[in-house]
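In: what follows is a predicted protein model with its sequence.
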Amino acid sequence: MTEHPDPRSLPDSVRRIVDEIETEIGDEDPQLGQPSHPVEGSSGRIEAAVREILLEIGEDPTREGLVATPDRMHRMYRELTAGYLVDPERLINGAVFEVGYSEMVVVKDIPFYSLCEHHLLPFFGSAHVAYVPEGRVIGLSKIPRIVEMYARRLQVQERMTQQIADFLMERLEPKGVGVVLEATHLCAAMRGVRKPGTVMTTAAVQGLFRRNDKTRAEFFSHIGRPAPGA
Ligand SMILES: [Zn+2]
């Protein structure tokens with residue numbers, strides 16, 4: 001057996017990652033066991049609403065498997081909608097650099113998980129983000145965080161695609177931006193409305209990516225997808 005360090009001795013940033021791996025979504029600190037106590041600072045409204053839903057569908061919110069569900073769902077929704085609380089200034093803090101580089105920058109296959117605002121069910125898949133700089137670039141590790149900031153909200157895929165593109169246009173003032181999102185929506189897949197595994201693709205192109213066919217074609221060839229209308 002390896003010795004585990006005292007969790008309290010870990011730096012906060014590491015502690016948070018360890019916590020996330022050790023706990024189920026919506027669970028409290030594993031040291032506290034089952035999340036049977038209310039969420040800190042909660043008005044109790046989410047918990048009461050979840051109990052109402054359970055009753056309405058004919059369930060018994062007091063049975064063992066469900067008794068902690070309202071608290072757990074409250075914590076889960078806080079995690080899944082934490083994107084509303086992200087400060088974009090802090091997110092990009094210090095990571096925009098002046099450089100002469102003017103070739104296309106592409107970050108592809110960024111996994112994301114979001115909630116559709118029509119059903120509060122997950123939609124998830126990959127984001128592909130590209131831009132052609134005009135004197136300014138952003139640290140590569142920031143692009144998945146921008147995707148996550150918008151994913152962790154109630155969303156529709158089209159708007160999320162546009163928001164990522166708008167964010168980069170505003171912050172970097174590049175020659176152009178291209179964003180493609182490919183996602184499976186559980187609200188469709190679970191009902192068999194579409195064939196299971198059907199992927200919905202959305203694209204937002206701005207600046208050079210909109211005006212210039214060659215730039216757009218280069219982007220789609222980088223991500224290995226046919227350009228729309230090609
Ligand atoms: Zn939906």
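Out: Alright, I've got the coordinates. Residues are numbered from 1 along each chain as shown.
In: spatially central residue for this protein, please.
Out: Ala151 (2.8 Å; C-alpha atoms, centre = their mean).
In: and the longest helix that the chain contains, what does it pack against?
Out: Longest helix in the chain, counting residues (DSSP state H): helix 157-172. Contact here means 3 or more C-beta pairs under 8 Å, 6 or more residues apart in numbering; DSSP states H and E; on that basis helix 157-172 packs against helix 88-92, strand 105-116, strand 122-132, strand 136-138, helix 142-151, strand 176-185, strand 200-207. (C-beta placed from N, C-alpha, C; glycine too.)
In: worst mean pLDDT among those?
Out: Among those, helix 88-92 has the lowest mean pLDDT, at a mean of 90.
In: who are the packing partners of that helix?
Out: helix 142-151, helix 157-172.
In: send the alpha carbons of it over as CSV?
Out: C-alpha atoms of helix 88-92 as CSV (Å, rounded to 0.1, in the frame of the first residue of the first chain):
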residue,chain,number,x,y,z
PRO,A,88,-14.2,35.6,-18.7
GLU,A,89,-11.5,38.2,-17.6
ARG,A,90,-10.1,35.7,-15.1
LEU,A,91,-10.4,32.8,-17.6
ILE,A,92,-8.1,34.5,-20.2
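In: most packed of the helices and strands packed on helix 157-172?
Out: strand 176-185 (a mean of 24; mean count of other C-beta atoms under 10 Å).
In: and this structure, which of its residues are near the ion?
Out: By C-beta under 5 Å from the ion, the residues of the chain that approach the ion are Cys116, His118, His119, Cys187.
In: where does this structure dip in pLDDT?
Out: 1-3, 7, 29-38, 192-197, 229-230 (pLDDT under 70).
In: rewinding a little: generate a ChimeraX selection restricted to the buried subset of the residues of the chain next to the ion.
Out: Here is the ChimeraX command that selects only those of the residues of the chain next to the ion that count as buried (16 or more other C-beta atoms under 10 Å):
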select :116
